[in-house]
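A.B. asks: The following block contains a protein sequence and its predicted model.
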Amino acid sequence: MSGHDHLSFCLCDLIRLLWSLLLPCFCLCLVLTGLLFLLIVGVRAWLQSNRKARRARDGRSAVAFFHPYCNAGGGGERVLWCAIRALQNRYQDVDFVVYTGDQGVTAEQILNGARRRFNIRLPRPVRFVFLKHRLLVEASLYPHFTLLGQSIGSLFLGWEALTAFTPDLYIDSMGYAFTLPVFRYLGGCRVGSYVHYPTISTDMLSVVRERNPRFNNADYITNNPVLSALKVVYYCAFALLYGLAGSCSDVVMVNSTWTLGHILALWRAPNRTSVVYPPCDVQAFLDIPLEDEEEQDVGKKCHSVVSVAQFRPEKDHQLQIRAFRKLLNKKEAEPGGRELVKLVLIGGCRNQEDEDRVLMLRGLCQELGVGDRVEFKLNIPFEELKKELVEATIGLHTMWNEHFGIGVVECMAAGTVILAHKSGGPKLDIVVTHDGGPTGFLADDEDSYAEAMERILSLTPSARLDIRRRARQSVTRFSDHEFEASFLAAVEPLMGTLER
């Protein structure tokens with residue numbers, strides 16, 4: 001046998017071997033795919049039968065909001081309660097449900113908390129579905145690959161929610177985009193979403209590419225080019241999956257121009273996406289007349305710098321404290337200057353992780369020698385929040401690329417001179433020129449924040465009053481009334497599909 005014939009014989013044997021291996025694998029894949037398809041069809045039919053039985057029993061359609069932290073006190077929770085209130089007032093014949101992971105509280109306690117924190121009263125009760133596995137979306141459970149871990153966890157939490165109650169219309173109001181395909185394709189629901197902040201953004205990719213240290217980009221990664229490159233690949237892959245999940249939404253609402261740009265780039269659904277500014281309780285502040293500082297003894301007044309933000313890492317309270325320390329260093333040159341300014345940190349704690357962060361911040365204050373001039377006020381009622389803001393001179397905000405900034409708007413409505421981070425929603429939508437003049441100040445690091453605070457305090461009372469008046473006039477576009485009108489217009493196509 002010639003060498004050529006021997007080679008041909010070997011190739012034929014190799015092809016037969018590969019065929020004998022690949023054909024069973026191919027058949028197995030077909031069988032598994034068919035079984036998976038039948039399983040999905042069966043699950044979908046089971047869930048739809050549950051929905052039909054519930055609708056026949058209640059005689060009403062149901063709209064469900066996915067908000068695992070509905071008992072928290074942040075801006076996202078204010079959006080939730082205002083949205084439900086608007087829908088209840090418009091649609092009297094529809095039931096409303098909230099999926100929550102809050103344990104150890106009753107429905108009445110949650111609604112009382114919304115009334116106490118946000119001054120929001122619902123026209124009628126809502127049903128709460130208490131989820132048992134919220135731990136699956138806690139960041140602390142995933143020290144590495146946090147975005148992916150939380151997203152996979154949200155799939156399981158969404159499945160728990162769907163099997164506990166199958167709605168006609170599902171709205172994700174907290175940014176868990178990976179639950180959208182679960183409710184759409186398994187539950188057969190129409191789905192909508194209100195996006196406060198994209199889970200991943202091109203800005204996050206830039207931080208990793210440029211190897212800049214941030215709260216979500218550890219030093220050991222920024223110092224290693226290989227790990228940075230791998231993290232870029234991970235972020236790009238996750239961005240693709242996030243975009244596919246988000247594109248399942250029939251209606252997409254975003255809270256700012258900054259969020260709009262990122263969601264359009266990732267979800268690619270421009271015809272279904274609109275900006276709905278979040279509701280800010282500006283009227284409660286606008287009803288209080290601005291006090292003219294000239295009527296007080298300005299030289300002896302203790303100026304308070306107030307921050308309103310949940311105690312989350314991205315809010316960057318450390319920057320506030322460090323910048324305030326630099327301000328105090330500047331004021332020490334003045335007689336009694338240190339005693340004439342204080343920092344008040346107001347915010348909510350969602351869990352033990354947030355409470356531990358507050359302890360760390362208290363320790364930082366002691367370490368920097370400003371503990372006597374910094375106050376912490378946690379989970380305070382709305383009336384106390386209003387009092388603190390009305391009495392404040394400066395409203396402080398330090399989150400990089402804040403998606404919107406309800407706290408910024410509330411500070412402006414209350415009559416403080418706002419000092420916000422020079423990025424995201426505050427820069428693009430809120431702290432903008434109005435009536436030919438500034439409505440506040442922007443900064444981006446310790447030095448620029450300290451300088452801006454010193455500049456604000458050095459302004460004459462009349463100059464500060466002009467800025468405060470313009471700021472108040474500009475924030476009326478972020479009122480509850482404006483939100484409700486925009487929100488109802490956005491969800492009208494979805495609500496029109498409900499059977500009544």
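C.D. replies: Good, I have the coordinates.

A.B. asks: quick one: low-confidence parts of the stretch 1-150 of the chain?
C.D. replies: The stretch 1-150 of the chain contains residues with pLDDT under 70 at 1-11, 13-14, 17-21.

A.B. asks: now the helices for it?
C.D. replies: When assigned using DSSP state H, counting those that start in this stretch, the helices of the stretch 1-150 of the chain occupy the ranges 3-58, 75-90, 107-118, 146-164.

A.B. asks: now the strands: where do they sit in the stretch 151-300 of the chain?
C.D. replies: In the stretch 151-300 of the chain, the strands defined using DSSP state E, counting those that start in this stretch lie at 169-172, 190-195, 251-254, 273-275.

A.B. asks: okay, the ones you listed, which one's buried deepest?
C.D. replies: Comparing these by mean neighbour count (mean count of other Cβ atoms under 10 Å), strand 169-172 comes out on top with a mean of 27. For every residue, glycine as well, the C-beta is placed using N, CA and C.

A.B. asks: Tell me the helices and strands packed up against that strand.
C.D. replies: strand 61-66, strand 190-195, helix 480-495 (3 or more Cβ pairs under 8 Å, 6 or more residues apart in numbering; DSSP states H and E).

A.B. asks: Distance from the chain centre to that strand, please.
C.D. replies: Put simply, strand 169-172 sits 16 Å off its chain's centre (Cα atoms, centre = their mean, to the nearest Å).

A.B. asks: ok, the nearest residue to Ala164 once chain neighbours are set aside - how many residues close by?
C.D. replies: The shortest distance from Ala164 to any residue that is not its chain neighbour, by Cβ to Cβ, 6 or more residues apart in numbering, is 5.0 Å, and that residue is Val129. Neighbourhood size, Val129 [other Cβ atoms under 10 Å]: 17.

A.B. asks: quick one: Val129 and Phe311, what's the gap?
C.D. replies: Separation of Val129 from Phe311 (Cβ to Cβ, to the nearest Å): 27 Å.

A.B. asks: Same question for Thr398.
C.D. replies: Relative to Phe311, Thr398 is positioned 13 Å away (Cβ to Cβ).

A.B. asks: if you count what's nearby, which of the two comes out ahead?
C.D. replies: With neighbours defined as other Cβ under 10 Å, Thr398 and Phe311 compare such that Thr398 has more, 25 against 22.

A.B. asks: My understanding was that that one contacts His421; is that so?
C.D. replies: Yes: using Cβ atoms under 8 Å, Thr398 makes contact with His421 at a distance of 5.5 Å.

A.B. asks: thinking Pro493 is in contact with Asp250, fair?
C.D. replies: Yes: applying Cβ under 8 Å, one finds Pro493 in contact with Asp250, separated by 7.4 Å.

A.B. asks: Neighbour count: these two, which is higher?
C.D. replies: The neighbour comparison of Pro493 against Asp250 (other Cβ under 10 Å) goes to Asp250, with 19 against 13.

A.B. asks: wait, the more buried one sits on Ser193?
C.D. replies: No: Asp250 is not in contact with Ser193 according to Cβ under 8 Å; the separation is 9.0 Å.

A.B. asks: circling back: got the helices and strands packed on strand 169-172 as CSV, with distance to Phe183 columns?
C.D. replies: CSV is the format used below for these (distance: least, Cβ to Cβ, whole Å):
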stretch, distance to Phe183
strand 61-66, 8
strand 190-195, 5
helix 480-495, 12
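
A.B. asks: The ones you listed: which one's closest to Thr166?
C.D. replies: strand 61-66 (8.5 Å; Cβ to Cβ).

A.B. asks: Spit out the residues that contact Thr398 and Phe311 alike.
C.D. replies: Listed as contacting both Thr398 and Phe311 by Cβ atoms under 8 Å, 6 or more residues apart in numbering are His317.

A.B. asks: Just the residues contacting the helix or strand hosting Leu465, thanks.
C.D. replies: According to DSSP states H and E, Leu465 maps onto helix 461-474. The contact list for helix 461-474 (Cβ under 8 Å, 6+ apart) reads 286, 290, 292-294, 298, 393, 412-413, 415-418, 432, 434-435, 437-440, 456, 459.

A.B. asks: so of these, which ones are in strands?
C.D. replies: The strands, defined by DSSP state E, take in Val417, Ile418, Gly440 from the contacts of helix 461-474.

A.B. asks: Can you check the pLDDT for the second one?
C.D. replies: Yep, that's Ile418 we're talking about. pLDDT recorded at Ile418 is 96.

A.B. asks: Indicate which one of the strands of the stretch 151-300 of the chain is closest to Ala107.
C.D. replies: Nearest of those (Cβ to Cβ): strand 169-172, 18.8 Å.

A.B. asks: partners of the closest one, with directions?
C.D. replies: strand 61-66 (parallel), strand 190-195 (parallel) (DSSP bridges).

A.B. asks: Quick one: the ones you listed as CSV, columns for distance to Glu383 too.
C.D. replies: Listed next are the strands paired with strand 169-172 as CSV, based on distance: least, Cβ to Cβ, whole Å:
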stretch, distance to Glu383
strand 61-66, 27
strand 190-195, 27
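
A.B. asks: Which residue lies nearest the spatial centre of the protein?
C.D. replies: Centroid-nearest residue in the chain: His196, 4.3 Å away (criterion: Cα atoms, centre = their mean).

A.B. asks: Contacts only, for it.
C.D. replies: Gly75, Gly76, Val79, Met174, Gly175, Asn255, Thr259, Pro278, His403, Phe404 are the contacts of His196 under Cβ under 8 Å, 6+ apart.

A.B. asks: Among those residues, name the ones in helices.
C.D. replies: Residues of these located in helices (DSSP state H): Gly75, Gly76, Val79, Thr259.

A.B. asks: Not including adjacent chain positions, what is the nearest residue to the last one?
C.D. replies: Excluding the flanking residues, the one nearest Thr259 by Cβ to Cβ, 6+ apart is His403, at 5.0 Å.

A.B. asks: what do you get for the first one?
C.D. replies: Of all residues not flanking Gly75 in the chain, Ile406 sits nearest, at 3.6 Å (Cβ to Cβ, 6+ apart).

A.B. asks: which residues does the residue nearest to Ala164 bridge with?
C.D. replies: Counting by DSSP bridges, the residues bridging with Val129 are Tyr99.

A.B. asks: how close does the nearest residue to Thr476 once chain neighbours are set aside sit to Tyr91?
C.D. replies: Among residues not flanking Thr476 along the chain, Val282 sits closest, at 6.5 Å (Cβ to Cβ, 6+ apart). Applying Cβ to Cβ, the value for Val282 to Tyr91 is 26 Å.

A.B. asks: Comparing these two, which residue is more hemmed in?
C.D. replies: Ranked by neighbour count (other Cβ under 10 Å), Val282 and Tyr91 place Val282 first, with 22 against 18.

A.B. asks: Report the separation between the more buried one and Arg477.
C.D. replies: Going from Val282 to Arg477 by Cβ to Cβ gives 9 Å.

A.B. asks: pretty sure Ser249 contacts Thr179?
C.D. replies: No: using Cβ under 8 Å, Ser249 makes no contact with Thr179, being 10.4 Å away.
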